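Novice: After the sequence you'll find the predicted model.
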Amino acid sequence: MTSTETSPPREDTRPEAARGGPSGPPRQRKYSASERKLRRTGWLMVTPSLLHIGLWTAIPVIATFALGFTDYNVFSPPRWIGLDNYVEIVQDPVFLKATWNTISYTFWTVPVSMMLAMIIAVALNQGLKLQKWYRTAFFLPQVTATVAIAMVWLWIFNPQQGLLNAFLAIFGIPGQAWLADPDWALWAVILVGAWQGIGIKMLIYIAALQNVDESLYEAASMDGASSVRKFFAITVPMLKPATFFVLVISVINAFQVFDQIYVLTDGGPANATTMMTYEVYRSAFQEFRMGMASAQSVVLFIFLLVITLGGRRATREDH
Amino acid sequence: MMIRNSPTRVRVGAISAVAALALGLSACGSESDSSAATTSDPDEVTGDITLLTPIFEGTEGQKLLEDELLPQFYEEYPNVSVSVDYTTYGNLNEKLTTAAVSGAVPDVMLMGVGWIEGFADRGLIADLSELGLTEEKLLESYTPAIVDAGTWNDGVYAVPIMLDTRFGVARMDLLEEAGYDSPPQNWDELVEMSKALTVRDSDGTLERAGFDMLSLDSRQAFETMLFSAGGDLFNEDDTAPTFNEDPGVDALQLMSDLINVHEVEEIGFSSPDAAVNPLLNGRAAMGIAHNNLWTQGLEAAPEVLDDLEPFVIQGEGEGMFFGGTLATRSATSQSPEAAQAFLEFLASPGPALAANEQRGNVPALSELLDSEYVQSNGFVQFAMENLDVAKREGGPAEWLEVRGDFAPAVEATLLDQMSAEDSLNDLAGLVQTAIDR
């Protein structure tokens, strides 16, 4: 039983009319001149944001939903085709592969980068020497253009002159065509994604660690708990709210991966690394099928909506 | 080191070209009542126009266009001003799409072979013959196949500036070491020689590919082999794909066999973005290459240029592919005469030659075969001399929609994931659906 259920009901101090009481329909509340002025000022203050959201978010989102039901090639007016785009999406093996690739990419990059980010955050929270330098170094990939990062990784993955194969050769391990071999290409992309995602997650964890009560660790130390025990019994549970937040944000970001695919693999080889966002791009800008791209975007939106709502529910239940 | 035109030579070429154009189009003017740009007094042609270009990229290209070519154009057309929007072929689609959506379509757009049909069909680009540039006129200066790349439904929608060709290239020093004195004359010889020229170390690691196909975009490599097999992409009226017929299947099967059966190259051994083409550093003995390999060789390995021998890949047909860059005019241009005047200027001998030199490409104008640049560039000269057997990609208006589907299909077979027949049949299904849509 929750504390809410056991608490006595609070007295409603509002006027009866405002509560919709038995005396009839609620009357319109009359605001004083100063209240009206305050309300007008409030609306004035939020108008720029409302306009911004309306113009750049609401209208495009509504347009995307509407265009998803049309055949629209940019050069001629949209033609209503009902659910045809969605039927094609369901039957399109490339989009299904892209969906599966996106799920695989998310499944591997998010937990791996979260785990590493938490470990690094805890390590950097111990008052190491050069702590700030390390924090900057780990955060650097987050603020570096993905295209630049991808170019570096292109060199690392190069089968002939690449760093990775040269490193493996030291141990006698044969090199691979990391980005050209369909068995390895997705893993290579996942590695880049996981590495790049560590920085922001680490930053959130470091911030969350500042709120963990030191007395908990002191008490555990007095009880003879080891560092590992303290990590799992105190740190991990206390970071749970941050973990949920990082999880939801990371999953959404992972589902929206695009630029590293664009630069590293172009979705290949043989669609081995194509993602949902990349298919949206291909439909829109390579095939000029804006209607199809819109429908694919709606599918992606639904995925993200479900994930976000799931995350919210999990967070709410946790609290 | 790259040989460049001196500005003086470019200027003389451009002025003579504009003069020739004026002479030629004065004849056109008598045939048409429309006020063609070149039949008007250049002083009367006015307007602020925009150019969208995937060529003239980089510092060198920008310098050529802005410091050399535009001043020449302004000398002839003092009342026209040109704003340039630089892009790359990779981003051109996005630029054109957003331009079309926003209604701000550039007045002059340079785009690729195979693009014209789609944009002409959708009404984005104008029929240039409305201002006097007729097919007959173009045929005086270009080969029919090149003119065909700029036409759609009996209209002329684009004027070629430069061509990108792909053909076979052999490292003759390596062939001679192996006892061969000429490139392969047919597919059997291609396979036999490729196998003999492949070198692996004691661990079996590939050191030298007998025949490199991976340094080229897989769609274009397949198209070159398809043409070599005597096949075509589409039927004559471009209403159905034919690349999945026997020649196409044979071509893709050959490519797959070379990798998976004869093992003359391995996936990952090279790629289109490789820093150095393996033919230049001896990591490949033969291969399919772009004509600008010569220019790359001039900069990276001039000592091997004498050993590079281009050849048409012979099968049931002749394997040589051409793409290229063509100049088009927006159908909604507010200054159509100024736009067409600028388009014709860019396609005229002087500017076209300079642009080709800058990119190491093949001039589309037949008369430039005798130019110093062409005569000094072995691959460009070879390409121009063999343009009559070259075939291009494209055909139906839907080509732009489907061309991106070729690479995954070809790669699936090269990776031994699907048979050549299944890959091409699946692809043909997609293409047919797009055509019928």
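Specialist: Structure received.
Novice: C-alpha from now on. contacts and neighbour counts both.
Specialist: Noted.
Novice: All the helices of the stretch 1-150 of chain B, residue numbers only.
Specialist: B:7-31, B:58-63, B:70-76, B:89-102, B:116-121, B:135-139, B:144-148 (DSSP state H, counting those that start in this stretch).
Novice: An error on my part: the question was meant for the stretch 201-350 of chain B.
Specialist: B:218-228, B:246-260, B:293-300, B:336-347, B:349-359.
Novice: Which one of those helices lies nearest to chain A?
Specialist: Closest to chain A of the helices of the stretch 201-350 of chain B, according to CA to the nearest CA: helix B:218-228, at 10.3 Å.
Novice: Now do the closest one against helix B:246-260, angle only.
Specialist: Angle of helix B:218-228 versus helix B:246-260, following axes from the mean of the first three to the mean of the last three CA atoms, to 10 degrees, is 120 degrees.
Novice: who does helix B:218-228 touch, helix- and strand-wise?
Specialist: Using 3 or more CA pairs under 8 Å, 6 or more residues apart in numbering or on different chains; DSSP states H and E, the elements in contact with helix B:218-228 are strand B:159-171, helix B:246-260, strand B:313-314, strand B:318-319, strand B:321-329, helix B:406-414.
Novice: any chance of the helices of the stretch 201-350 of chain B in JSON lines, with mean neighbour count and mean pLDDT too?
Specialist: Converted to JSON lines, the helices of the stretch 201-350 of chain B look like this (neighbours: other CA atoms under 10 Å in any protein chain shown; pLDDT from 0 to 100):
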{"stretch": "helix B:218-228", "mean neighbour count": "26", "mean pLDDT": "96"}
{"stretch": "helix B:246-260", "mean neighbour count": "22", "mean pLDDT": "97"}
{"stretch": "helix B:293-300", "mean neighbour count": "19", "mean pLDDT": "92"}
{"stretch": "helix B:336-347", "mean neighbour count": "26", "mean pLDDT": "94"}
{"stretch": "helix B:349-359", "mean neighbour count": "25", "mean pLDDT": "92"}
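Novice: For the ones you listed, could you give me a markdown table that also reports distance to A:V306?
Specialist: Formatted as a markdown table, these follow (distance: least, CA to CA, whole Å):
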| stretch | distance to A:V306 |
| --- | --- |
| helix B:218-228 | 38 |
| helix B:246-260 | 43 |
| helix B:293-300 | 51 |
| helix B:336-347 | 51 |
| helix B:349-359 | 50 |
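Novice: Looking at those helices, spot the one closest to A:W184.
Specialist: helix B:246-260 (18.2 Å; CA to CA).
Novice: helices or strands up against that closest one?
Specialist: For helix B:246-260, the packing partners by 3+ CA pairs under 8 Å, 6+ apart are helix B:218-228, helix B:406-414, helix B:420-436.
Novice: cutoff 6 Å now
Specialist: When contacts are defined as 3 or more CA pairs under 6 Å, 6 or more residues apart in numbering or on different chains; DSSP states H and E, helix B:246-260 packs onto helix B:218-228, helix B:420-436.
Novice: List the buried residues in the longest helix seen in chain A.
Specialist: If you go by DSSP state H, chain A has its longest helix at helix A:93-124. Of the residues in helix A:93-124, A:94-95, A:97-106, A:108-110, A:112-114, A:116-118, A:120-122, A:124 count as buried by neighbour count, 16 or more other CA atoms under 10 Å in any protein chain shown.
Novice: Show me what from the stretch 51-200 of chain A comes close to chain B.
Specialist: Taking CA under 6 Å from any CA of the partner chain as the measure of proximity, the stretch 51-200 of chain A contacts chain B at A:F75, A:A177, A:A180.
Novice: Contact partners for the first one?
Specialist: Taking CA atoms under 6 Å, 6 or more residues apart in numbering or on different chains as the criterion, A:F75 is in contact with B:R122.
Novice: Name the SS class of it, please.
Specialist: coil (DSSP: H, G, I helix; E, B strand; the rest coil).
Novice: Model confidence for it, exactly?
Specialist: In this model, A:F75 is scored at 80, pLDDT.
Novice: That one and B:A331, how far apart?
Specialist: 12 Å (CA to CA, to the nearest Å).
Novice: Any stretches of the stretch 51-200 of chain A with poor pLDDT?
Specialist: Scanning the stretch 51-200 of chain A for pLDDT under 70 picks out no residues.
Novice: And the strands in it?
Specialist: A:70-71, A:79-80 (DSSP state E, counting those that start in this stretch).
Novice: B:N93: which of those is closest?
Specialist: Between these, strand A:70-71 lies closest to B:N93; by CA to CA that is 18.4 Å.
Novice: so what's the residue in the stretch 251-400 of chain B that chain A sits nearest to up against?
Specialist: Across the stretch 251-400 of chain B, no residue is closer to chain A than B:G268, which sits at 4.8 Å (CA to the nearest CA). Residues in contact with B:G268 (CA under 6 Å, 6+ apart) are A:A177, A:A180.
Novice: Recalculate using a threshold of 10 Å.
Specialist: A:N158, A:P159, A:Q160, A:Q176, A:A177, A:W178, A:L179, A:A180, A:D181, B:L214, B:S215 (CA atoms under 10 Å, 6 or more residues apart in numbering or on different chains).
Novice: related to what we said a few turns ago, what helices or strands is the longest helix of chain A leaning on?
Specialist: The contact analysis (3 or more CA pairs under 10 Å, 6 or more residues apart in numbering or on different chains; DSSP states H and E) places helix A:93-124 against helix A:84-91, helix A:131-143, helix A:182-209, helix A:240-255, helix A:276-281, helix A:290-318.
Novice: so who does the closest residue to B:L65 other than its chain neighbours touch?
Specialist: Excluding the flanking residues, the one nearest B:L65 by CA to CA, 6 or more residues apart in numbering or on different chains is B:F56, at 6.5 Å. The contact partners of B:F56, taken as CA under 10 Å, 6+ apart, are B:Q62, B:K63, B:L64, B:L65, B:E66, B:Y86, B:T87, B:T88, B:A355, B:N356, B:Q358, B:R359.
Novice: which one of those sits closest to B:Q381?
Specialist: Nearest to B:Q381 among those, with distances taken as CA to CA, is B:N356, at 12.3 Å.
Novice: my read: that closest one touches B:I161, true?
Specialist: Yes. Using CA atoms under 10 Å, B:N356 is in contact with B:I161, at 8.0 Å.
Novice: shared neighbours of the two, anything?
Specialist: By CA under 10 Å, 6+ apart, the residues touching both B:N356 and B:I161 are B:V362, B:P363, B:A364.
Novice: Could you list which of the residues you listed belong to strands?
Specialist: Counted as lying in strands by DSSP state E, out of the shared contacts of B:N356 and B:I161, are B:V362, B:P363.
Novice: ok, which of the shared contacts of B:N356 and B:I161 also contact chain A?
Specialist: The overlap between those and the neighbours of chain A (CA under 10 Å from any CA of the partner chain) is empty.
Novice: Make a markdown table from the shared contacts of B:N356 and B:I161 and add pLDDT to it.
Specialist: Below are the shared contacts of B:N356 and B:I161 laid out as a markdown table (pLDDT from 0 to 100):
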| residue | pLDDT |
| --- | --- |
| B:V362 | 93 |
| B:P363 | 93 |
| B:A364 | 91 |
